[in-house]
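Participant: mind looking at a prediction? Sequence and model below.
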Amino acid sequence: MLGEGIIKGMTETARNFFGSYIDSDRLVTVQYPEQRLPLKENTRNFPFLVHDGDDPEKGLRCVACKICEKECPPQCIFIVLERDEKGKPQKHPKVFDLDISVCMSCQICVEVCPFDAIKMDTEFELSHDDRFRGLLLDKKQLAKPNHYYHKIHPVEAAEVDERLAAEKAKAEAKAKAAAAPKPAAGPAAATAGKPAAPRQPVPA
Amino acid sequence: MSPLDQVVARIGAAIPGARVQILPNDSPSGQHSLLVDHEHAVAVAKFLRDDPDLQLDHLANVTGVDWLDATVKEKAKVRKVINGAEKEVEETLERKKPGFLEAVYHLYSIARNHGPVILRLRTGNRIDQVRVPSLTPIWRGAEFQEREIYDLYGIVFDGHPDLRRILMWDEFQDHPMRKDYVEPDDYEYEPTAHDKVLEKAKKHHTAADRPQL
Amino acid sequence: MNATIELEATGKKSNFEILPKVTPAGEISGEFLEVSMGPHHPSTHGVFRMDVTLDGERVVKLKPVFGYLHRNHEKIAEGTAYLASMPYTDRLDYFCSMTNNWAYALAVEKLAGLQVPERAEYIRVITAELTRLQNHACLCGFLLQDMGALGTPLMYAFREREKILDLFEALSGSRMMCNYMRFGGCRVDLSPGWIEETKRVVENFPRFLDEFERLLSENEILIARTQGVGVLPAPLAINASITGPMLRASGVNYDLRKADKYGIYERFQFRVPLGDHGDVYDRYMVRVLEMRESLKILQAALRDIPPGPISDPKAKVRNFRPKAGEAYGRIEAPKGELGFYLISDGSPNPYRYRVRPPSLINLTILEDMCLGHIIPDVVVILGSVDIVLGEVDR
Amino acid sequence: MQEILDQLFVLLKAWLVGFFPLPWQPLVSILISVAALILVFALLFAVATILERKGLGRIQNRYGPNRVGPCGFFQPIADGLKMLIKEDIVPSGADRVVHFLAPIALVAPVLLAFSVLPYGRNMAPIDLDAGIVVFFAVGAGTELAVFMAGWSSRNKYSLLGAMRAIAQMISYEVPLILSSVTVIMIVGSLRPIQIVEAQAGYQGWLPAWHVFTPWGLAGFLLFAIAATAESNRSPFDMPEGESEIVAGYFVEYSGFKFALFFMGEYFGMFAISGLAITLFLGGWHAPLPFLEKSIPSYVWFFVKLFGFIAMFIWLRGTLPRLRVDQLMNFAWKFVLPMTLLNILAAGLWRFLPAGATRWLVCLVILLGAFLALGRSMVARRKWSPRKYRFAE
Amino acid sequence: MDPVFAFLALLTTAGAVAAVSLRNLVHCALCLVVAFAGLAALYLQLNAQFIGFAQILVYVGAVAILIVFAILLTRGSEPGNQPILSSSWQAGLGVAVLVLGALGVAVASSFVRYYPVSPAPQPTVRELGEQLMTNYVLPLEVIGLLLTAAMIGAVIIAMHEKQGPR
């Protein structure tokens, strides 16, 4: 009969109208500035630099190896290596700029970093009134302490710390065993591709 | 589906004079392709589509490839007179391999569920002999893709019903997907972390329209 | 009045030589109104333009014009490493980044001969089918929005899509630009509890589908607007390389999940819905039914997913240099056959990188479907093609 | 006390008018009525917009606007302010004078239409002998305004929209008038007050409204369909056709002129709902006998009006839009024959003796016609839900 | 003279003059609508409610729209280039003056002038309806038939034109 489908549809919208008052599964809107959803462990937004200890300048894990600069797909990272007066490289970035108006949050810098120095931040309220300078983050703005990393990605950070500690211990042991004057050259590059190594498999 | 060499043989039988050549592919995918000459390309395509054993009715993908002029180094034994004595000497010869443009067609069969058979059409060079026959009359699905190749690579398809630029605007001059395409550097000026772009952009902008930093 | 219209009406001619798609203006009398629909038009799904010539309100000529979003994705990819193109594929069809990732990963795996561990294959199937669910749900919503249903179905679809996007965020860290798959596997393993969460979403999804169908599938207005509109006969659909739900709505049984059996799809029991008329209603219903089949796959995959590694140990993130050669890999993306064609010359960058965009190729016959219809139908037909301009323009 | 409450506004007006000398009194009386009408309906417009947005939101499982004021109820004020301070853009090719006059020409007749409706006991602003004709006459005036807007904008979309709107309004004016003819036939008057008074009284619990007769119900439904089309509301909103022709005839209007169009549409909706209430739903009469005295009559009128608004919102939230040609087909091949048959049914009802027979006769005629016409519309195009085959 | 009547008469005449003298056809049509509306207001001023509103309903609501549609469908809305007045406008004016004079003389000499003015009737809608259905039923039906025939003719013309070229 003509009109049957229309009446069916009308009952459906009526059900949704009333359902939105009682069923929390229907009214899923989050009232954003007041209400916030808890961020997921894996959430990523823009990268930041991890530093150990309290000094954001000295504690930076970054050694200015420029791998991330090279691998970054939109080329948004800009690194200048620090050199001392004699021009000897210092394993420390002099400039580390990241243009977040260009960055596309792909996490490839994190994946390629052999030193676990760059990680993804979850901060997303980054609006700024200067679209050029305000969105070009420098070293100071990017450096964030390790405990901040623990706060935003607890599981991942714990893994990273564990791995770094293990590597450090291994390097020290090796150095001791060899008792050679030459220290182990940086953390092993073996971890290169796996910043977030497989977690415990979930039972199916 | 019968192996590719049999397909070639059947094409040769069905279309006398067609020069079809198998181009091997070394990668693990093992997708070898057929190089077809211009004169018989449409006939070969029609045969591939209509042959009851092949029925390659689905033209999955059409694309262009730009091969630049290359120098191929070949080692060859040459007889030469050195110090009066004729000797056989191994020598590297540099051979100029002229560049060309290529249109690649990936064919599958919906009716028989096999594929891919890959057809390649090559132009004479990259400058003035850039015409190849269009296969749009055989597969309508090639229409937009051939237009795209014309737009981005500059291959002219003879027999295409509506050959215009498709992605770039009509007044655009060059073919941006060619390997030797030079990007225009008159970007809108915008401070970035990248000096290269910045330097290029600065040349095109006067100080007046540059935002104050 | 026009060869193409007759053909559209009868659908009997099977041999498609070049068709006179546009009648010379002399054949039809009367004054034409040329309307440029788009690029800023509410229902062109982005910056897409149709130069429509109207006789009254009847379409006599329609030329799709696009490229407004063209960023030469292929050129960018040819200038960077293999992996660096992965995040760019997210931006092709920004509704279905997971399937885009998969198609690219599949092509590279073919090129380099990489194996994918079983667990990663399961994860890929799960994410791809979730992508299909949300894409089809939203497409149906957009289609009805174009029909003037004021967003109600679209909002319901978005409500469900949010739940799926939340799953993607928990898995990959991003809701839409997932950048999740890697050559020879996936980037990270499932977080604990993800499977349970997904199972819950999958269990609740049929509720939404039932609601959606009750709301509109029998609606007289919807039926009147869609049945017999934009008919695409099967021979033309095949000849014009139409793929995906559009092809199946014309009655051609061609689903790459069945035809190519890529990944581990042969392990799952599912059916492929086929339409008999090839009109907009069939395209809509085929998508609705496909969602139900996807749910079956999801249930089985979530039940059977084994533990194990998620990545091929041979796959390298840096300095990835496949052997010289070429490969064409394709999957059944929600919009149709999404293929990647790669030529390697042994360097870290692909020599040739080509995306076979289903949205673009499905637009080939837009004019054929629209001729003889009126403007409101054009909008609906375009909506039923399911295009995303990020993919059309690349 | 209840009597006073019921006649509160009538007494208030009489009291106010009493301050003026006798020769001025008719003029003052009219002015007060006009002011009251504009005030009430402007307020109602504001309330209706916020209700519509919130209602649609809830239908779509959203909150709707909820930021301005308590629960977002000051949103219309914010909207109005925004409209007022927006730049008024006139396209360069436009006919400026006509472009300026069109919104005024739209709102003015609709306001006139309000003057003939009885809002409560003794509360009709003007008591005209040909009140219903006045209503339709001023309703016809809006078509011209729509044309002026569409033509003067010099935009293809707005011209298409205006053509569609006029074609639609003319087509649906015919069934609109014909479906109200039944009431005029039965009551034997064109006076709105007399029509409302004819629906006083109750048969048991059932009020003697026209909608509770077979011809009245059919007439009411047909009137409602035609009214929806007349006021360009979904599913008949193709003159605006947002997804097709952008915004139809007012695509080139911005700022306050756009607000006037918007207001005109809502006013049209209120006016036509008011007429439907007057003709079929017993005007200001209460639905149950014991409520007749205890709650003032004008409250009932506005309760019914809000019911109508809710119905419009509900329809808008549910249905897709019809196509232009289908809309015309529907008007001429379904609604029009139905209204004509409904006139026959009403005539039979008038002359057959009261009782079960005339119910039966009328019902058979109307239901039979509905089924036959509905089926013929669907069957000719083979419209039906389909079964699908699956490949394994 | 009643100021209201004067205003309405002026409005109507101005509308009518504008309708024949403006260049843009759509403007002409809109001015014609003003004239129609003024006429309706004159009816209302004479206390002929039904006729007045029927005038609005039919002329403003339907006839004006018809004219507008005709303009839009037959020719572009661009104003033409030819002068508004034809070359023989003097002759036309002469004829008009002559006709006016003849009519004036006829009216002045007719017997109507010698009858006393009858009291203005107060027609209700009911009375009008009864008159139409009793005394004037034949003219009403004849007009109805005529209009139907005209409509059928129009439909046939329109249909024929459509079939021709296709």
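Facilitator: Nice, I can see it.

Participant: going by C-alpha atoms from here, please, whenever you check contacts or count neighbours.
Facilitator: Fine.

Participant: near chain E, which residues of chain D show up?
Facilitator: D:129-130, D:133-134, D:136-138, D:140-141, D:143-144, D:170, D:189-190 (C-alpha under 8 Å from any C-alpha of the partner chain).

Participant: longest strand of chain A?
Facilitator: In chain A, with assignment by DSSP state E, the single longest strand is strand A:89-99.

Participant: quick one: contacts for the residue nearest to the spatial centre of chain A?
Facilitator: Centroid check for chain A by C-alpha atoms, centre = their mean gives residue A:120 as the closest residue, at 0.9 Å. Taking C-alpha atoms under 8 Å, 6 or more residues apart in numbering or on different chains, we find residue A:120 in contact with A:44-48, A:107, A:110.

Participant: and the strands in the chain?
Facilitator: No chain in the question, so chain A it is. In chain A, the strands defined using DSSP E lie at A:47-51, A:77-83, A:89-99, A:118-120, A:136-137, A:143-145.

Participant: hm, I was asking about chain B
Facilitator: For chain B, applying DSSP E gives strands covering B:20-23, B:33-36, B:58-67, B:70-82, B:85-97, B:100-109, B:114-122, B:131-133, B:156-158.

Participant: residue C:333: which of these is closest?
Facilitator: strand B:58-67 (13.7 Å; C-alpha to C-alpha).

Participant: okay, the closest one in PDB with CA atoms only?
Facilitator: Taking C-alpha atoms only, strand B:58-67 is exported to PDB below (Å, rounded to 0.1, in the frame of the first residue of the first chain):
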ATOM      1  CA  HIS B  58      38.400  -6.100 -18.200                       C
ATOM      2  CA  LEU B  59      40.900  -3.400 -18.800                       C
ATOM      3  CA  ALA B  60      42.100  -2.900 -15.200                       C
ATOM      4  CA  ASN B  61      44.700  -0.300 -15.600                       C
ATOM      5  CA  VAL B  62      46.200   1.900 -18.200                       C
ATOM      6  CA  THR B  63      49.300   4.000 -17.400                       C
ATOM      7  CA  GLY B  64      52.300   5.700 -18.900                       C
ATOM      8  CA  VAL B  65      55.900   5.200 -18.200                       C
ATOM      9  CA  ASP B  66      58.700   7.600 -19.100                       C
ATOM     10  CA  TRP B  67      62.000   6.100 -20.000                       C
END
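
Participant: list the strands paired with that strand, with their directions.
Facilitator: strand B:100-109 (antiparallel) (DSSP bridges).

Participant: wait, residue A:3 touches residue C:220, no?
Facilitator: Yes. With contact defined as C-alpha atoms under 8 Å, residue A:3 counts as touching residue C:220 (6.8 Å).

Participant: quick one, which of those two is more surrounded?
Facilitator: Legend: neighbour count by other C-alpha atoms under 10 Å in any protein chain shown for residue A:3 and residue C:220, higher for residue C:220 (24 against 13).

Participant: surely that one touches residue A:5?
Facilitator: Yes. If you go by C-alpha under 8 Å, residue C:220 and residue A:5 touch, sitting 5.9 Å apart.

Participant: so which strand or helix has the spatially most central residue of chain E?
Facilitator: Central residue of chain E (C-alpha atoms, centre = their mean): residue E:36, 6.8 Å from the mean position. Assigned by DSSP states H and E, residue E:36 belongs to helix E:25-45.

Participant: output the very next helix or strand once past that helix in CSV with nothing but the alpha carbons.
Facilitator: Remark: after helix E:25-45, the chain's next helix or strand is helix E:49-55, criterion DSSP H and E. Output in CSV follows, covering the C-alpha atoms of helix E:49-55 (Å, rounded to 0.1, in the frame of the first residue of the first chain):
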residue,chain,number,x,y,z
GLN,E,49,-15.3,41.6,-1.0
PHE,E,50,-15.7,38.4,-3.0
ILE,E,51,-15.0,40.0,-6.3
GLY,E,52,-12.0,41.9,-4.9
PHE,E,53,-10.3,38.8,-3.5
ALA,E,54,-11.3,36.7,-6.5
GLN,E,55,-9.5,39.4,-8.6
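
Participant: check whether helix E:49-55 contacts chain D.
Facilitator: Yes. Residues of helix E:49-55 are located near chain D by C-alpha under 8 Å from any C-alpha, namely E:49-50, E:53-54.

Participant: of all those, which comes closest to chain C?
Facilitator: Chain C lies nearest to residue E:54 out of those, by C-alpha to the nearest C-alpha, at 32.6 Å.

Participant: I'd say that closest one and residue D:133 touch.
Facilitator: Yes. Using C-alpha under 8 Å, residue E:54 is in contact with residue D:133, at 7.2 Å.

Participant: looking at those two, which one has more neighbours?
Facilitator: Higher neighbour count among residue E:54 and residue D:133: residue D:133, with 23 against 18, using other C-alpha under 10 Å.
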